[in-house]
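**Q** Kindly generate the corresponding structure for this input.
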Amino acid sequence: MGTNTVLPSTPTKAHSGSNPHLGLSGHTPVVLKRGSRHYGWGNVDQSRTDVTRDLGPSIHELPYQFFQDYILPPLHKDVDVPAVIRRLKNSGGITKAGRWKGFNQDPHKFSAKSSSRSDKTPQAENHVFAKLAPVIENIVQQSGCSEAEPIVVYETLPNSNPICCFDDKRGKPDGWLIFNRHVRFLEDRRDRRRYWRDVATPAEFKLRDTRDDLQDDVNKICWNMHQVMQEDPRRRFVFAFTIENTQMRVWMANRSEVVVSEPFNFIKDHEKFIHFFLSQTYAQEHELGIDTTMTMVAAEETKIPTYDITVRVVETTGEGQNKVETVEDRVFRTKYLINGDGAKSLRGRGTRIWKVQEVEGGEEDADSSGVLKDVWVDEDRQREGDILEEIRDQPNLNDTDSEELKRLLLTPIARGDVFIDGVCDDTRTLITRGATIPENSKRFHLDIPLSHQPSHARTTVTADIPVTGNIFLPAPTERIQRLVKYHRKRHYRIVFKEECKPLSKATSLLQVFSALFSITIGLRVIHTNGSGWVHRDISAGNILILEGPNVNKAKLSDLEYAKRLDTGGKHEGTANFMSVEVDAGTYLFSSTLQRPQRSKAKANADHLAFRRQLDQRALTDKVGRRDQSILHQKPNEFSYNPIHDLESIWWIAVYFVVNKETSIAARDNQGTADENQAGVDTRLTEKQLLYARSLFYGAKARSDAVSIPHTTDNPLDNHLRGLPSHLSLVCTELIELRQALRTHYATIESPEFNIDKMVCDELYEDFMQAFQFIIVALYEQDVTVRALPAFTREEAPVESHDKQAAKTDDGDVDGSVSSTGTKRRNQEEAESSSAPKRQRPATRSQANK
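**A** Numbers count the residues shown, from 1 in each chain. The predicted structure follows:
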């Protein structure tokens, strides 16, 4: 454990829930996590383009003075830039023509004597910009900081690609500032290797400044910054620079902003050039984006480092003026990375999940292990640990519901915001020293196709500020004017007791539907107790499977977007599993349907008994019978409500049936599903593959799937009927659930009803009854699932460890964290064939008789 610090109580800064500089009011804007996740697959040029696409059509282009005042590290106290310029002129580093020594002419003129073809070759480019190394070295020598040691050194023209720890990717920058400590360590070993984690500031160069040259540098530098942020878990932000002919730009990326400076002439504007490199050379580690609360342990001995991560835990005692906060630093040592997919986007939550062991007195505590989640949360969000505490501690919970919440929710053992150099780690307060990016700043056009939609983060889109200031821009268009703004974020850590794997990695439909059944029971408790809570981001990555004696022990995670029903809240969710109404931002159904009442207590008891049988692997044929109930609700202004959570559950079920390759699971002599004996029953046709693509990668197909009423006209219903025969019962239930969802929407959105926490009282029963029918059938004959071969590039994850991931960051974004094509042993064992069999009634009405 770390030292304890007692602090006097200070009033907590109130968050209004709005930021006038971001154009936000009331509730923060939409979460629409929809994107490619192609970064590690295929052609490196395509990967670079994908990274840039995720940034949206344009970013802020700021004056260099703004960078100097608020973004770049402050200069060392001994640095006097005008004095440095005088010393460089006296020593010949700056010529009488006012140019850097070695750059007596502009870069594009250096190869004038050679052919135009050879002038464009990388060799010519490398030859010219290799001259930067002595220029920068001379600047450092004349800096006047004789007693200060440079934290970074400049290297140009790397001989080989930097080594990746977490993803095997090709490509290298044209140059970089690299952390000096690592250079010294490798030189002692006569080792010339470089790691991405040791790149402080990447660079890209072009001899010319044409539109194509600029666009190529933009793609490459965005990819380089993405690589640094992904490969080094300690990086909170990253600087970079690009040069096209004489035009130099400075870049900065953190988890909520990517900005670029206005260009300046690096050959003649000595003051800016010197300021940039000396601000980097003599910065402190945290001023270059390093998280000093996360230290490497034996990093040089292995490819994947071990880290000691500090979690700042604050305990509050007393009230009023006697209120005191006790701060305790608890240290956790990483054993391996469980999941790092959330760090694949430059902007977003940047979530990483680690298996950790607590460290006390420098030694690991063998009895204190857990799973650590390191994440950048929206600044005005309630923290996940606080939400879990509030849900668990709701007043008037009966014993059954209290036990259900213990079963459903993860158990935090440490949590707190991250503090760097005594200041809370915030993308504005600390990283830009509290400055707000000017709203009237220029826009730097990223030249992304019209069809692209940005992904992986909460965004606000504005179209009221003209795009100016870029010489390569075409005439302003509405698309270019749309600036994607990411919400201000704060660094947060939470450690959970349980280690799980996400449902997205399940390879068995029995495991999938057992988990969905259990989560539905838990959602009823969350929705209907107290003022009622809604999750608002249910996905295949946020439902976890806790493996052990119980085959269907499921946990619900990622509650940072959860809200009470009485606090409102609109657009939230992961695109592939989001309710179509939430995606549209409006109510889509209306009717005056009414349905008869049901006994809630009896139905709930039946489902809990059914799950106990399932836990004990002693499933009988006692499946509860379904009644009907009347709802008493009415929609006013559109707001997220419990039915939207349930629709997300339905979309997860559809995902595993439609967007996966399935086969009948063979059984061994003990009746256990043996995946090694499984064979593909029927491969999907090209038409079916294309529909799966459209359904989970496009909004219109999803909307049609829910909103078209007649089953003969509904494209999803028709698609489900055409799937292999071993899925027929599952598909029948999903079709009926779709109809139940639509009918329920129509009922509650009629004028005479009001929406409240009991809005789904009957719908829970529809879901649990359907899942029971499916589980009974799968219990006798399971179905295995694997990634669709046609979409391996989008779906198959890059595993960072042979353990399964505890959970994902941004939900299971378009299948990016789904199971791979490699065979894995099914984690559940089915009951022997001697278990009683139940025949599924031909229709739901027969089941009720």
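**Q** Quick one: find the helix or strand in the chain with the lowest mean pLDDT.
**A** strand 459-462 (a mean of 35; mean pLDDT, DSSP states H and E).
**Q** which residues in the stretch 551-700 of the chain form helices?
**A** Listed in chain order, the helices of the stretch 551-700 of the chain (DSSP state H, counting those that start in this stretch) span 580-584, 600-615, 642-658, 686-697, 699-707.
**Q** Not counting its own residues, what contacts the last one?
**A** So the one you mean is helix 699-707. Applying Cβ atoms under 8 Å, 6 or more residues apart in numbering, the contact partners of helix 699-707 are 575, 580, 583-584, 588-589, 647, 651, 654, 691, 694-696, 714-716, 738, 741-742. Using the backbone N, CA and C atoms, a C-beta is placed for each residue, glycine as well.
**Q** of the residues you listed, buried ones?
**A** Buried members of the contacts of helix 699-707, counted by 16 or more other Cβ atoms under 10 Å: 575, 580, 583, 588-589, 647, 651, 654, 691, 695-696, 714, 716, 738, 741-742.
**Q** now for those residues, which pair is the farthest apart?
**A** Maximum pairwise distance among these (Cβ to Cβ): 23.5 Å, between 589 and 691.
**Q** Tell me where the stretch 51-200 of the chain has helices.
**A** Counting by DSSP H, counting those that start in this stretch, one finds helices in the stretch 51-200 of the chain at the ranges 64-66, 81-91, 116-119, 122-129, 132-141, 180-188.
**Q** Which residues outside the fifth one are in contact with it?
**A** With Cβ under 8 Å, 6+ apart as the contact definition, helix 132-141 has outside contacts at 84, 88, 91, 93, 100-103, 150, 154-156, 175, 273-274, 277-278, 281.
**Q** Just list the residues touching residue 275, thanks.
**A** 68, 72, 75, 81.
**Q** among the residues you listed, who's most crowded?
**A** residue 72 (22 neighbours; other Cβ atoms under 10 Å).
**Q** Leaving out the residues flanking it, which one is nearest to it?
**A** Of all residues not flanking residue 72 in the chain, residue 279 sits nearest, at 4.5 Å (Cβ to Cβ, 6 or more residues apart in numbering).
**Q** hang on, isn't that neighbour packed against residue 75?
**A** Yes. Look at residue 279 against residue 75 with Cβ atoms under 8 Å: they come within range, at 5.7 Å.
**Q** Show me the common contact partners of these two, please.
**A** Taking Cβ under 8 Å, 6+ apart as the contact criterion, no residue touches both residue 279 and residue 75.
**Q** mean confidence for stretch 744-751?
**A** Computed over stretch 744-751, the mean pLDDT rounds to 79.
**Q** what does stretch 273-282 give?
**A** 96.
**Q** Output that stretch as PDB, restricted to C-alpha atoms.
**A** Output of stretch 273-282 as PDB, limited to C-alpha atoms (Å, rounded to 0.1, in the frame of the first residue of the first chain):
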ATOM      1  CA  PHE A 273      11.400  26.000 -34.800                       C
ATOM      2  CA  ILE A 274      13.800  26.500 -31.800                       C
ATOM      3  CA  HIS A 275      10.900  26.800 -29.300                       C
ATOM      4  CA  PHE A 276       9.300  23.600 -30.400                       C
ATOM      5  CA  PHE A 277      12.400  21.400 -30.200                       C
ATOM      6  CA  LEU A 278      13.700  22.900 -26.900                       C
ATOM      7  CA  SER A 279      10.200  22.600 -25.300                       C
ATOM      8  CA  GLN A 280      10.400  18.900 -26.100                       C
ATOM      9  CA  THR A 281      14.100  18.400 -25.300                       C
ATOM     10  CA  TYR A 282      14.000  19.700 -21.700                       C
END
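**Q** burial measure for residue 93, as a count.
**A** Quick note: residue 93 (other Cβ under 10 Å) scores 21 neighbours.
**Q** Tell me the pLDDT of it.
**A** At residue 93, the model reports a pLDDT of 94.
**Q** from here on, count from 55
**A** In the new count, where the first residue is 55, that last one comes out as residue 147.
**Q** Report the separation between it and residue 272.
**A** For residue 147, the distance to residue 272 (Cβ to Cβ, to the nearest Å) stands at 30 Å.
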